[in-house]
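# Sequence and predicted model, in that order:
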Amino acid sequence: MITGIQGYVPEYRLTNKELEKLVETNDEWILSRTGIKERRILKGENQGTSVMGIEAVKGLLEKTGTDPMDIDLIICATVTPDMTFPATANIIADKVGAKNSYSFDISAACSGFLYALQLGNQFIASGTHKKVIVIGADKMSSIIDYTDRTTCILFGDGAGAVLLEPTTEEYGIMDAVLKADGSGEAFLHMKAGGSRKPATLETIAAREHYAYQEGSTVYKFAVTNMAEVSAEVMERNHLKGEDIAWLVPHQQTRESSMLRQIEWESDQKKS
């Protein structure tokens, strides 16, 4: 079960007013369509995703009264690691004093934290681990194109961490449905920087190291499949709609909807 939760966001606030100076947009337009007033951005040299993960984990350990030496495993879900290797989880473990743990990263974008959470839960359920920390952290500002209004208004930086421990009670992480569809690569990706297309002067000049998303396609896929897996997990646990108090979707669903609207408005202007 989850016995502690802690988050961390950087101090710097990138407001809608500031974005007005970067792209064709304005505070009223962003606020009325997204509800976003500001997004937190990690500033400074040598400030990677681990900086936020470290703060989240330190706060988690303090809040739960946990000795870092008692942590068995740390998993960090991120698509913006400090570097290709070592794993960002390794850096976090070292800086928080979790000397007895091992650690690794999971790179699965929007699904990453859920994958990491279920994996951590399995280690606990197996009886081989007593304390597992799962982190979801990203410095999205490092891969966002601040000349592209369809994405730069949506993303910020931050980290969250949870502590998993065994329980004999009838609650905790009861079930999960996890799926993936690699056929959607063309609609949500970063073109360069991987082994298929390593970084070169040309890829940098072509701005190919930023996140790309085709909003309308991702929106349809996200909404449809989120509903389907929600229904599936309810059915196999004999639950009905009236039994559910909270349904919390990943923000990507809302963001994809916004991108679809932005694209539509852009098409209207062109026509």
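The structure has been received and is ready for your questions.

# make it CA atoms for all contacts and neighbour counts henceforth
Fine.

# Going along the chain, name the helices of this protein.
Using DSSP state H, the helices of the chain run over 16-19, 27-34, 49-64, 88-96, 112-125, 149-152, 201-205, 215-236, 251-270.

# Of those helices, which is nearest residue 162?
Nearest to residue 162 among those is helix 49-64 (7.2 Å), distances taken as CA to CA.

# Out of the helices of the chain, which is closest to residue 182?
helix 215-236 (12.3 Å).

# Output the closest one as PDB - backbone C-alpha positions only.
This file holds the C-alpha atoms of helix 215-236, laid out as PDB (Å, rounded to 0.1, in the frame of the first residue of the first chain):
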ATOM      1  CA  GLY A 215      -3.200  16.600 -30.600                       C
ATOM      2  CA  SER A 216      -6.400  15.300 -32.300                       C
ATOM      3  CA  THR A 217      -5.100  11.800 -32.800                       C
ATOM      4  CA  VAL A 218      -3.700  11.500 -29.300                       C
ATOM      5  CA  TYR A 219      -6.900  13.000 -27.800                       C
ATOM      6  CA  LYS A 220      -9.100  10.400 -29.500                       C
ATOM      7  CA  PHE A 221      -6.900   7.500 -28.500                       C
ATOM      8  CA  ALA A 222      -6.500   8.700 -24.900                       C
ATOM      9  CA  VAL A 223     -10.200   9.300 -24.200                       C
ATOM     10  CA  THR A 224     -11.400   6.100 -25.800                       C
ATOM     11  CA  ASN A 225      -8.800   3.800 -24.200                       C
ATOM     12  CA  MET A 226      -9.000   5.500 -20.800                       C
ATOM     13  CA  ALA A 227     -12.700   4.700 -20.700                       C
ATOM     14  CA  GLU A 228     -12.200   1.200 -21.800                       C
ATOM     15  CA  VAL A 229      -9.500   0.200 -19.200                       C
ATOM     16  CA  SER A 230     -11.500   2.000 -16.500                       C
ATOM     17  CA  ALA A 231     -14.500  -0.200 -17.400                       C
ATOM     18  CA  GLU A 232     -12.300  -3.300 -17.500                       C
ATOM     19  CA  VAL A 233     -10.800  -2.800 -14.100                       C
ATOM     20  CA  MET A 234     -14.300  -2.100 -12.700                       C
ATOM     21  CA  GLU A 235     -15.800  -5.100 -14.200                       C
ATOM     22  CA  ARG A 236     -13.200  -7.600 -13.000                       C
END
